[in-house]
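Asks: based on what follows, work out the 3D shape:
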Amino acid sequence: MDFKRIAVDTSKAVFTVHGIDERDRPILRRNFSRPAFEAFCVGLLPTEVVLEACGGSHHWGRRLSAMGHRVRLIPPQYVKPFVKRGKNDRNDAEAISEAAGRPGMTEVAVKPAERQAAAMVLSVRELLVRNRTQAINALRGHAAEFGVIAAKGTAQVVPLLERIAADTQIPEPARQMLAFLARQVTHLDEEIATLDAQLRKAAASDAIARRLSAAPGIGPLSAITLSLTVDPSQFQSGRHFAAWLGMVPRECSTGGKQRLGGISRAGNERLRQLLVVGAMAVIRHAKPGSKSASPWLLKLLERRPRKVAAVALANKMARVVWATLAKVPPDRLRSGGMPEEGMMARGEDFRRLPVTA
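Replies: Model (predicted):
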């Protein structure tokens, strides 16, 4: 068959293929097993293959590209509006094909295997942090059943364990289980510390991460995360990048009346979190009369709450990040320093703010 486009709804075991001809008529709707799908693609003439962007789709993007096919990855949120009525694999594959046929559709670049592998340490660290948070919450919750109360935070674990050891009213079986949870927290702390050291080493050896670390509010963890996960070529400008991160107002306008709400919270939640936390660290040092305080930030803090100012500052930090990634030539990236263009050229000089670790 001669296909104009093949859309694939992927899963671990079943691959649903929706193929159309030059007149956009469906000529193939079929489910394949994983080996059968690969054999089917090997026998195809070079054609356009479209998949939803996800972790596994990058693997197939690399495999299919090696076979000579042109691979496109479409973000899932842009595919969803094209799903007709009931959701099933065939409707999903058809929706992927419909979305790919729209002019100007946003695409995700296929990641090289090395880049995807380097970023895996970030997701593993997030998993360990979540597990540690769950273990600490379980420890606090079970201790509260016997009247031993502790505040939130990892720094409160040791004082909590000391109060548990001093309380003779706690039955021995409960004491053993609390000790078991404490050992789990300790083990996770050690594993997270190991990954943190690995990330700091990676940030020190990565030229782009070193450059990003020079920006106020961006430490080694944020810098290496941005370096490994952000492709600046996907964004037209720093404003576009900040909007993708969800740090712009959500709009619900109609009838010529503009209605803006809170931030949209779209895009990569982890990157947005890192930038906002870094902005809060900058704000903690932005005191009136301080030589390192930005006049723009001080004026903003006078009229807006600290967390609102943190989001505004994170928005500007995102634009600095994009300028660093997209507009600085490779030879300047190796030489160090921050770009003096864009917002910085307009007097919003972030170099005057304190740099966080």
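Asks: can you map out the strands along the protein?
Replies: 5-9, 14-20, 26-33, 48-52, 70-74, 249-251, 260-263 (DSSP state E).
Asks: how many residues are close by the closest residue in space to Gln77 that isn't next to it in sequence?
Replies: By the measure of Cβ to Cβ, 6 or more residues apart in numbering, the closest residue to Gln77 outside its immediate chain neighbours is Ala266, 8.0 Å from it. Just so you know, the C-beta spots here come from the backbone N, C-alpha and C atoms, and that holds for glycine as well. Counted by other Cβ atoms under 10 Å, the residues lying close to Ala266 total 15.
Asks: a markdown table for the strands of the chain, including mean neighbour count, distance to Leu64 and mean pLDDT?
Replies: Formatted as a markdown table, these follow (neighbours: other Cβ atoms under 10 Å; distance: least, Cβ to Cβ, whole Å; pLDDT from 0 to 100):
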| stretch | mean neighbour count | distance to Leu64 | mean pLDDT |
| --- | --- | --- | --- |
| strand 5-9 | 24 | 9 | 96 |
| strand 14-20 | 21 | 12 | 96 |
| strand 26-33 | 14 | 13 | 95 |
| strand 48-52 | 23 | 5 | 97 |
| strand 70-74 | 20 | 5 | 96 |
| strand 249-251 | 13 | 36 | 87 |
| strand 260-263 | 12 | 36 | 86 |
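Asks: how about Gly61: what's its closest non-neighbour residue?
Replies: Gly61's closest residue in space is Val110 (Cβ to Cβ, 6+ apart), at 3.6 Å.
Asks: how near is the one you found to Gln234?
Replies: Note on Val110: its distance to Gln234, by Cβ to Cβ, to the nearest Å, is 12 Å.
Asks: what's the weakest-modelled helix or strand in the protein?
Replies: Least confident element among the helices and strands of the chain, by mean pLDDT, DSSP states H and E: helix 330-335 (a mean of 46).
Asks: so how far is the longest helix along the chain from its chain's centroid?
Replies: Across the chain, the longest stretch assigned as helix under DSSP state H is helix 172-205. From the chain centre to the centre of helix 172-205 is a distance of 23 Å (Cα atoms, centre = their mean, to the nearest Å).
Asks: how about stretch 248-267?
Replies: 22 Å.
Asks: can you tell me what sits against it?
Replies: Gln77, Ala242, Ala243, Trp244, Leu245, Gly246, Met247, Arg272, Val311, Asn315 (Cβ atoms under 8 Å, 6 or more residues apart in numbering).
Asks: try it again at 10 Å.
Replies: Under the contact criterion Cβ atoms under 10 Å, 6 or more residues apart in numbering, stretch 248-267 has outside partners 75, 77, 239, 241-247, 272, 276, 308, 311-312, 314-315, 318.
Asks: rewinding a little: so which of the strands of the chain gets nearest Ile224?
Replies: strand 70-74 (23.5 Å; Cβ to Cβ).
Asks: make JSON lines out of the strands of the chain and add distance to Gln169.
Replies: Shown next, in JSON lines, are those (distance: least, Cβ to Cβ, whole Å):
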{"stretch": "strand 5-9", "distance to Gln169": "58"}
{"stretch": "strand 14-20", "distance to Gln169": "56"}
{"stretch": "strand 26-33", "distance to Gln169": "60"}
{"stretch": "strand 48-52", "distance to Gln169": "56"}
{"stretch": "strand 70-74", "distance to Gln169": "59"}
{"stretch": "strand 249-251", "distance to Gln169": "51"}
{"stretch": "strand 260-263", "distance to Gln169": "47"}
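Asks: Asp167 is nearest to which of those strands?
Replies: Across the strands of the chain, the minimum distance to Asp167, taken as Cβ to Cβ, is reached by strand 260-263, at 43.9 Å.
Asks: in its sheet, what does the closest one sit against?
Replies: If you go by DSSP bridges, strand 260-263 pairs up with strand 249-251 (antiparallel).
Asks: quick one: pLDDT of the residue most central in space within the chain?
Replies: Central residue of the chain (Cα atoms, centre = their mean): Asn268, 3.5 Å from the mean position. Note on Asn268: pLDDT of 87.
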